[in-house]
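J.: got a structure for you, letters missing:
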């Protein structure tokens, strides 16, 4: 459940203040060059020094800044390093090189169903995630009805999550993560599931948060969605920033390059 972290790193920072500062961030992974079928085989080869790795740089020298109230879209093909960068910002991964500073509270919605116990009911998971997010019971009692109302899952709150569809999981997850006012909301492809009515509600909620000073960092393969929600875009390719600027200019160049 490491993807569902609500981190209080500094005092709350609002409109016009810097929320993210990433300097020369690089991330390296070691990929085994041969298949290992079990733990015993791994340790035998490890002791004998027979495990070899290929080096993969998921990110290379990424520099990125973001202020409170900004809405930024992160675009790029699969494998470009987008999700890795989000996990670094959320505190899930530590960069191999470089420095990242995130001011304020972070609400990362970067994996569908992460932080949920699939054997518990939706009601129980709301309380569970409230605790993970650092809210006490009085706050959760105050906002519980609001969370359920936004999710539209009134008739399913006593149903175990293992019986939920991906769209229902997205509804519940988004509702729990956004009922407060985090300084940074990270959304990774979660809006790609669910019906169009709920997607519209999510976009309205994101805009409300942005107006209150929440910085919005969105990853989506839908250029239209990025253009609708974001005013700025960053294009990653093979872990390297290709372009950072106005949303329309960046996405137009991204599409143009992809058509070649």
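T.: Structure's in. What do you need? Small disclaimer: the values here were computed from a predicted structure and weren't measured.

J.: for residue 248, what are its contacts?
T.: Listed by Cβ atoms under 8 Å, 6 or more residues apart in numbering, the contact partners of residue 248 are residue 227. The way it works is simple: take the backbone N, C-alpha and C, and place the C-beta from them, glycine included.

J.: Checking my notes, it in a helix, right?
T.: Yes - looking at residue 248 with DSSP: H, G, I helix; E, B strand; the rest coil, it is inside a helix.

J.: I'd like to know how far it sits from residue 111.
T.: Distance of residue 248 to residue 111, given as Cβ to Cβ, to the nearest Å: 29 Å.

J.: same question, residue 156
T.: Using Cβ to Cβ, residue 156 is found at 21 Å from residue 111.

J.: Show me where the stretch 51-200 of the chain dips below the pLDDT cut-off.
T.: 51-53, 112-114, 190-194 (pLDDT under 70).

J.: Show the residue spans covered by the strands in it.
T.: 53-67, 71-75, 97-102, 105-109, 184-188 (DSSP state E, counting those that start in this stretch).

J.: Out of those, the one nearest residue 161 is which?
T.: strand 105-109 (15.7 Å; Cβ to Cβ).

J.: other SSEs contacting that closest one?
T.: For strand 105-109, the helices and strands in contact under the criterion 3 or more Cβ pairs under 8 Å, 6 or more residues apart in numbering; DSSP states H and E are strand 7-8, helix 82-89, helix 166-177, strand 184-188.

J.: looking at the ones you listed, which is closest to residue 117?
T.: helix 166-177 (12.2 Å).

J.: Off-centre distance for the closest one?
T.: Helix 166-177 sits 13 Å away from the centroid of its parent chain (Cα atoms, centre = their mean, to the nearest Å).

J.: mind listing the helices for the stretch 151-260 of the chain?
T.: Secondary structure of the stretch 151-260 of the chain by DSSP state H, counting those that start in this stretch: the helices cover 166-177, 196-211, 223-229, 247-258.
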